[in-house]
Structures are given as C-alpha cells and as structure tokens.
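Colleague: test case, fold it:
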Amino acid sequence: MYDEPAGPHPDTGQHYDVIVIGTGAGGGTLAYRLAGTGKRILILERGGYLPRERDNWDSSAVFVRAKYRAPELWYDQNGRTFPPEVNYYVGGNTKFYGAALFRLRPEDFGELRHHDGISPAWPLSYQDFEPYYTQAEHLYLVHGRHGEDPTEGPTSAQYAHPPVQHEPRIQQLSDDLEKQGLRPFHLPIGVNLTQDEQGRPTHRSACIRCDRVDGFPCLLGAKSDSQVICVDPALEHPDVTLVTGANVRRLETDADGRNVTNVVAELPDGSSASFHGDIVAVACGAVNSAALLLRSANDRHPRGLANSSDVVGRHYMRHNNLALMAVSHEPNDTRFQKTLAVNDWYLGADDFDYPLGGIQMLGKSDAEQIRGEAPHWAGLASPDMPFEVLAHHAVDFWLCGEDLPDPGNRVTLDSEGHIHLALDETNNITAVTHLRRKLQSILGDLGMHRHYLLPHTLYLHKGMPIGATAHQAGTVRFGNDPRTSALDTTCKVHDLDNLYVVDTSFFPSIGAVNPSLTAIANALRVGDHIAERLGASSPA
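Modeller: Residues are numbered from 1 along each chain as shown. Reported below is the predicted structural model:
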C-alpha cells in the first residue's frame, strides 16, 4: 500500500518479515523480488515521491540550480564542505541516472593490474551473476544487442528489446569510428520504448525519444528507474508497505549483538519511530549505508555494525569520470543522443598495457547547460560561438575509468554525526587521462574540431571532484574472510544473523561501467536467497 506522503506517526506495531531501507537500484529491486512471496515487506524511504512538474525537464532547474539535489553538505578530509550528488526520492538516484545498464566484464570479477595498482578479485565469478544479469536486463526493459560489444562476457539470452536506433549524426559517428578500426556498439539503455522501422517512437510508446533522458527525471515514467519498474509494482501486493519521509538513523540489536531488533527512523515532524522485522536489508547508497552502520555502534559493536574487520566505510569508489563536450563541424540535430558506446580500450591499448575504461554518449547538451558551463572554461580554448549555436554543434561524451579500492578513501562520522568523505582524487587517474587523449587524437577524423574537447562539469552536479558521487560503491565489501570483509557472499553481515546490505556498497571493485545493473542483478540474487531463508514461495 502507498503512504504518500508519510503520515507523522505510521503504525509501528506491525512486525515485518523483511524491512528494506532505501528504494534505489538495490533496495527497490529487492523489495520487488520479495513482493510476490506472501511475506510482510516494509520499505522505508527517507524522501518522498519526486514532484511531477515542468522543472523535471528544465536544464536550469536540474543542472544549474540543482533543484532536486539533497540540500545537505558533507565534509572532505580537510574539513571543507561540499554538496554531494545525491537525490532522496522514491527510486533513489535512479530517478536521475542515465539508465545505461552495462554488465561488468568477466575480467572485472578477477584480479586486474592497472597502471596505478591492483583491482582485486571478487569472491564470485561472472558466471555466478550471469543469470541475474539476464533477469535484470529483462526486468528493466534494457534495449541493446548482445554480441556487438567486443569486451562483454557470454550471455544466456539476448536482450528482450532491440537497441535504440542511432539518429543520423550518431550513426555517422558510429560509421566514422568503424573506419578508425574501432567497434562501436549500441549502448544498453533502460527505456520503455517501441520504435517503428525508422527508429521513431510508435504511438503506443511511453518513451518519446526526447533529449531529457540523461540526468533528468522522466515526466512520462518512460525511463526504467527503480520507482517505475520495481517499487510501484511491488506496492500492488497487499503485504508490501512503503513509508516515505522515514530517515533511518540507527539500527539497534539484541543484548548479544547477533540480531537487529529495531530500525529507528526520524519522521518529517521530528518525531522518532521504531520498526521491527525478522530480516533487515540496508540499501541507502554506499556512503549512507556505511554511515548508518557506523552510527549504530553499541557495546557489542563498538566500531559500528558489521565492522569487526574495520572495513566499513573504507574502499570507497566512485569511478574516474570525465564528462566532455566536443564541437562538430556539422550541426548535430540529435535529440536522443545516448545510443552509442566504445569499449575497445577497456582492457588496454596498443600504446598502454593497462585498462583504460569505456566511452559512451551523454544526453544532448542544450544552451542552458552550456551557459552554465561557460565559467568553467576560463583559460581553455572555447569556441567563439553563441551558446545556442554551440549547443547545436555539441556532441557529448562520457569517459569512465576504474577507481581502485583504497582503504584510505573512506566514510567517517564526526562527533556530531556529520559525514566526512576522504578521497584521493589522483587514484588511477592515469588511465582515464590516457583515454581522453585517445578520443582527442581522433576527433578530426570524426568530423569534430580537434582542439575543442571541453569539460562538462555541470553534468556531474559538482562544485569540486569529490562531489561527483553518482557512481559510489564499496564501503561495505563482501568476501569470504570476515577479517577483510563486512559481508558474506549472500551480502549478509558476517557479524549479525539478520542484517544484509544490498546496494553498491558490497562491491570489492567497481570496473569501468555504470554500476546500476550489477546492483540490480545482485538484489535479485540476494532476494532469492532471502526468500529461501524465509521458506517463502518463489519470488515473482
């Protein structure tokens, strides 16, 4: 059932089989997986439903004024405040993600040597995740074509939906990349789109192929975010309850510290509510999940829950991302630009023996975004064009390199409970810097000005690099050894019997593709385990 918005005093007397904290890619998908089991499921979300309004699609509101970003500040290792790129709504950060839903490469699950260090092996293999990747792709309506990406692993089934067709300028870009000996492919993207033979949306298509897919919430509910795909369908089951406006502040355990007994949340009116369940699953995002566990320290767990190994909060990762704008000689009339990717240098190049990462298209820049970007171009060779003309010629790229897990990159809390995030911003930066040079070197052959590859910092919602937290992962890593990991391979906390973590916190490494699909696949996997543990009927 819906509680929209949450009442100031929700019923706390009910005992639940499972409490899920968070509604993003991990929490929302887990709740969906368990919704058909007949068990009593409670979903707690600190935010409410995102308001549906014209500003959802307004570049100035979303990117320049950051209207929907959480109005909070975190601290860096030097005590300076910064605004993190987080959104607290039903659906979590998936309300604003670009819906690029990639699988990790098989090599990402093993140990990989990078220029600046080692990416560690996972305790499970690609094959352990493969069936759930397929289920995740089908559930989230991913459009693509397996077999095009030269670095992808084996698949048990083709995507259920064909790739989103390129518009003419992006098709030309794909053709030009092929002439360079590269193997561009259709980017796997989660949208509710049906196309005619020319790639145009049919009259029954929810998606209209607009230029607002990337970084904007979808007014039409046509992007495959967690609210649309999982949370709302889960709430159609009578045994599933959502309480919004419930900011979980701590988890309380029984006397011997083996089980979570109370989930204590702050409500919008400032009052406190306590919820009770047999199993508790935390999915607040890598930073906030770690913060919740640390905040929940008690006599039995003096360093925080799940933290006998002292790894909670450590090994924070967020990818080494570059959002860049090139300037095409010819106008770029593309609207739905996010249809192409290149992974040829993902694992290395002829002039670089270490993994570089991947390149994909971003949503199409418009004049308002470029106007907001202009102050960041001081000292750079920016094109001598009006903003509207520049926007008409812009081609936007996203470069994604792997960030290596470093125990010093960590989440901590100060005495007042404020979040502090320490980050070495030079961690493995050599790879993505070289990837940028590779792209820069071929711009002229792609019909673009060679010297115009400009930073697109507004897309990252950041005033400083540490603020780009959209791809956050690590902090509560899983593994076989309780001395070096917080979770076992089912994502259950080693130290407690009924506590799980099901967002991207569990990642031991992050690879160089968007982490959402792996979080979704893992939530389906953990959902099956929890259902079996509860003796439930097969999940929906």
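Colleague: all strands for the stretch 301-450 of the chain, in order.
Modeller: Using DSSP state E, counting those that start in this stretch, the strands of the stretch 301-450 of the chain run over 320-328, 340-342, 358-361, 394-401, 410-413, 419-422, 448-455.
Colleague: need those strands in CSV (columns: distance to Tyr88, mean pLDDT and mean neighbour count).
Modeller: (Glycine included, C-beta is placed from N, CA and C.) Formatted as CSV, the strands of the stretch 301-450 of the chain follow (distance: least, CB to CB, whole Å; pLDDT from 0 to 100; neighbours: other CB atoms under 10 Å):
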stretch, distance to Tyr88, mean pLDDT, mean neighbour count
strand 320-328, 22, 90, 22
strand 340-342, 30, 98, 24
strand 358-361, 27, 97, 26
strand 394-401, 24, 94, 25
strand 410-413, 17, 98, 20
strand 419-422, 14, 97, 20
strand 448-455, 27, 81, 19
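Colleague: to Glu111, which of these lies closest?
Modeller: strand 394-401 (17.6 Å; CB to CB).
Colleague: just give the closest residue to His319, not the sequence neighbours.
Modeller: Sequence neighbours aside, His471 is the residue nearest to His319 in space, at 4.3 Å (criterion: CB to CB, 6 or more residues apart in numbering).
Colleague: ok so, going back, Val191 is nearest to which of the strands of the stretch 301-450 of the chain?
Modeller: strand 358-361 (14.0 Å).
Colleague: average pLDDT across stretch 90-102?
Modeller: Averaging pLDDT along stretch 90-102 yields 97.
Colleague: low-confidence stretches in the stretch 101-250 of the chain?
Modeller: For the stretch 101-250 of the chain, no stretch is flagged by pLDDT under 70.
Colleague: tell me where it has strands.
Modeller: With DSSP E, counting those that start in this stretch as the definition, the stretch 101-250 of the chain shows strands at residue ranges 112-114, 117-119, 142-143, 185-186, 189-190, 240-244, 247-253.
Colleague: Ala157 versus the closest residue to Lys438 other than its chain neighbours, what's the distance?
Modeller: What sits nearest to Lys438 in space, not counting adjacent residues and going by CB to CB, 6+ apart, is Trp345, at 6.0 Å. Computed as CB to CB, to the nearest Å, the Trp345 to Ala157 distance reads 28 Å.
Colleague: who does Cys473 form a beta bridge with?
Modeller: Slight slip there: residue 473 is Ala, not Cys. As for beta bridges, Ala473 partners with Met317 under DSSP bridges.
Colleague: residues in contact with it?
Modeller: Neighbouring residues of Ala473 by CB atoms under 8 Å, 6 or more residues apart in numbering: 286, 316-318, 504-505, 507, 510, 515.
Colleague: over to Glu152?
Modeller: By CB under 8 Å, 6+ apart, the neighbours of Glu152 are 103, 105, 146, 343.
Colleague: swap the cut-off to 7 Å and go again
Modeller: For Glu152, the contact set (CB atoms under 7 Å, 6 or more residues apart in numbering) comprises 103, 105, 146.
Colleague: coming back round to it: among the contacts of Ala473, find me the one that's closest to Gly79.
Modeller: Nearest to Gly79 among those: Tyr316, at 17.5 Å, using CB to CB.
Colleague: surely the closest one meets Gly408?
Modeller: No - using CB atoms under 7 Å, Tyr316 makes no contact with Gly408, being 9.3 Å away.
Colleague: looking at these two, which is more packed in?
Modeller: Tyr316 (26 against 12; other CB atoms under 10 Å).
Colleague: find the nearest non-adjacent residue to that one, please.
Modeller: Spatial nearest neighbour of Tyr316, chain neighbours left out: Asn409 (4.5 Å); criterion: CB to CB, 6+ apart.
Colleague: what distance do you get for that neighbour to Gly358?
Modeller: Per CB to CB, Asn409 is found 22 Å from Gly358.
Colleague: could you do Pro233 as well?
Modeller: 31 Å.
Colleague: go on, Asp488?
Modeller: In terms of CB to CB, Asp488 sits 30 Å off from Gly358.
Colleague: could you do Ser205 as well?
Modeller: 28 Å.
Colleague: what is the burial count for the closest residue to Glu137 other than its chain neighbours?
Modeller: Among residues not flanking Glu137 along the chain, Tyr159 sits closest, at 5.8 Å (CB to CB, 6+ apart). Counted with other CB under 10 Å, residues neighbouring Tyr159 total 19.
Colleague: who's in contact with the longest helix seen in the chain?
Modeller: Longest helix of the chain, by residue count under DSSP state H: helix 516-533. Applying CB under 7 Å, 6+ apart, the contact partners of helix 516-533 are 18, 25-26, 29-30, 33-34, 37, 94, 97, 101-104, 129, 132-133, 135-136, 140, 279, 490-491, 500, 502-504, 506, 539.
Colleague: all helices for the protein, in order.
Modeller: 25-35, 59, 126-139, 168-179, 226, 232-234, 286-295, 367-373, 387-393, 429-441, 516-533.
Colleague: quick revisit: need the contact list for the residue nearest to Tyr316.
Modeller: 315-316, 422-424, 427.
Colleague: report pLDDT for it.
Modeller: 97.
Colleague: likewise for Lys438?
Modeller: pLDDT, read off for Lys438, is 96.
Colleague: so it sits against Val342, correct?
Modeller: No - counting by CB under 7 Å, Lys438 does not reach Val342; the two are 9.5 Å apart.
Colleague: ok, back up a step: His451: which of the helices of the chain is closest?
Modeller: Comparing the helices of the chain by CB to CB, helix 429-441 comes nearest, at 8.7 Å.
Colleague: who does that closest one touch, helix- and strand-wise?
Modeller: In terms of contacts (3 or more CB pairs under 7 Å, 6 or more residues apart in numbering; DSSP states H and E), helix 429-441 is packed against strand 320-328, strand 394-401.
Colleague: select, out of those, the one closest to Pro10.
Modeller: strand 320-328 (38.3 Å).
Colleague: so what are the sheet partners of that closest one and their directions?
Modeller: strand 394-401 (antiparallel), strand 448-455 (antiparallel).
Colleague: just send these back as CSV, with distance to Leu50 too.
Modeller: Shown next, in CSV, are those (distance: least, CB to CB, whole Å):
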stretch, distance to Leu50
strand 394-401, 23
strand 448-455, 28
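Colleague: filter the contacts of Glu152 to the buried ones?
Modeller: Buried residues within those, counting neighbours by 16 or more other CB atoms under 10 Å: 103, 105, 146.
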